[in-house]
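Trainee: quick one: sequence and predicted model below, then my questions.
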Amino acid sequence: MILFPEFHDRYGPWAVVAGASEGIGQAYTHILAERGINVVTLARRIEPLEKDAELIRRRHRVEVKPVSMDLAAPDLAEQFSAAIDGLDVGLCIYNACYSAIGEFKDTALDQYQKTLDVNCRGPVTLANVMTPRLVERGKGGLIIMSSMAGFQGSAMVGVYAATKAFDTILAESLWAELQPLGIDVLGCIAGATETPDFLRKTPADKKDKAFPMRPEAVAREGIEHLGKGPLHICGRMNRSVNAVTRIMSHKQRTKFFSGATRDIYESATEA
């Protein structure tokens with residue numbers, strides 16, 4: 001018995017989650033499985049994908065296809081097409097993300113090139129492969145994870161913030177094009193989230209200053225708001241911060257968020 005028949009009919013029987021090995025992507029995978037959707041999970045590391053797949057199969061009785069894939073690879077389109085060949089995929093969630101934290105002058109160019117590949121070229125590539133399939137189906141969806149960082153510039157995460165601005169505008173634009181064709185697109189805007197990557201990079205004594213959400217809460221809001229508009233900011237606190245800072249000038253916003261980022265991460269990058 002399918003517990004969410006309307007969701008399954010619109011976005012099933014298969015979904016793809018890119019960046020599924022941990023954090024928000026892993027949470028998305030479990031939520032989709034709860035709803036009876038079979039899932040293709042993509043990430044560079046295959047071991048956590050396979051371990052999670054075994055758990056999901058036992059718990060939810062759905063199919064899971066873990067695929068090792070470098071989302072910065074030059075032949076990403078070919079790899080992705082092969083991974084979903086023969087599957088009726090109705091939903092693609094691009095959660096994969098890379099971020100180098102530090103002063104621009106001190107960060108190697110290859111770190112920024114990887115940020116651009118994973119955060120910008122990756123979602124464009126997967127969306128470009130998926131869109132003709134979804135249009136042919138006449139239904140389905142795309143979720144592109146973005147960030148509050150994309151609403152303004154910020155010291156120490158400038159390239160990351162710029163890629164998230166790209167993702168937000170991409171999602172809005174695809175929504176405008178595809179919504180009339182029956183395809184739901186959502187730019188899901190997260191703030192700080194208690195993912196393993198966040199915990200690795202953020203000093204323990206500064207973690208609470210970022211007011212991180214749980215990954216499961218972010219993913220559930222993404223699923224719940226798919227089909228309701230082009231953008232959704234996850235978390236009441238994040239929505240409040242966005243509303244308050246919107247009254248600032250762009251210069252004030254950039255200084256405000258730059259100061260907050262330095263306060264949390266400057267000592268960590270100097271260590």
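Mentor: Perfect, thanks for sending it.
Trainee: which stretches of this structure have low pLDDT?
Mentor: Within the chain, the stretches with pLDDT under 70 are 1, 268-271.
Trainee: what about 50?
Mentor: Low-confidence segments of the chain (pLDDT under 50): 271.
Trainee: quick one, helices of it?
Mentor: Using DSSP state H, the helices found in the chain span residues 5-11, 23-34, 46-60, 76-83, 109-116, 122-137, 158-178, 196-201, 215-225, 236-245, 250-270.
Trainee: quick one: closest of these to Ile93.
Mentor: Counting by Cβ to Cβ, Ile93 lies closest to helix 23-34 out of the helices of the chain; the figure is 5.3 Å. Every C-beta, even on glycine, is put in place using the N, C-alpha and C of the backbone.
Trainee: who's in contact with that closest one?
Mentor: When contacts are taken as Cβ atoms under 8 Å, 6 or more residues apart in numbering, the neighbours of helix 23-34 outside the stretch itself are 3, 15, 17-20, 39, 41, 43, 48, 52, 56, 59-60, 62, 64, 91, 93, 95-96, 143, 145, 190, 193, 195-198, 215-216, 218-220, 222-223.
Trainee: and what of stretch 104-118?
Mentor: By Cβ under 8 Å, 6+ apart, the list of residues contacting stretch 104-118 from outside reads 71-72, 96-100, 158-160, 163, 269.
Trainee: how far does it sit from its chain's centre?
Mentor: In terms of Cα atoms, centre = their mean, to the nearest Å, the gap separating the centre of stretch 104-118 from the centre of its chain is 19 Å.
Trainee: name the residues of it that are buried.
Mentor: Judged by neighbour count (16 or more other Cβ atoms under 10 Å), stretch 104-118 contains these buried residues: 107, 112, 114-118.
Trainee: next one: stretch 179-198
Mentor: Applying 16+ other Cβ under 10 Å to stretch 179-198 flags 183-195, 198 as buried.
Trainee: coming back round to it: deepest in the core, which of the helices of the chain is it.
Mentor: The highest average neighbour count among the helices of the chain, using mean count of other Cβ atoms under 10 Å, belongs to helix 23-34 at a mean of 24.
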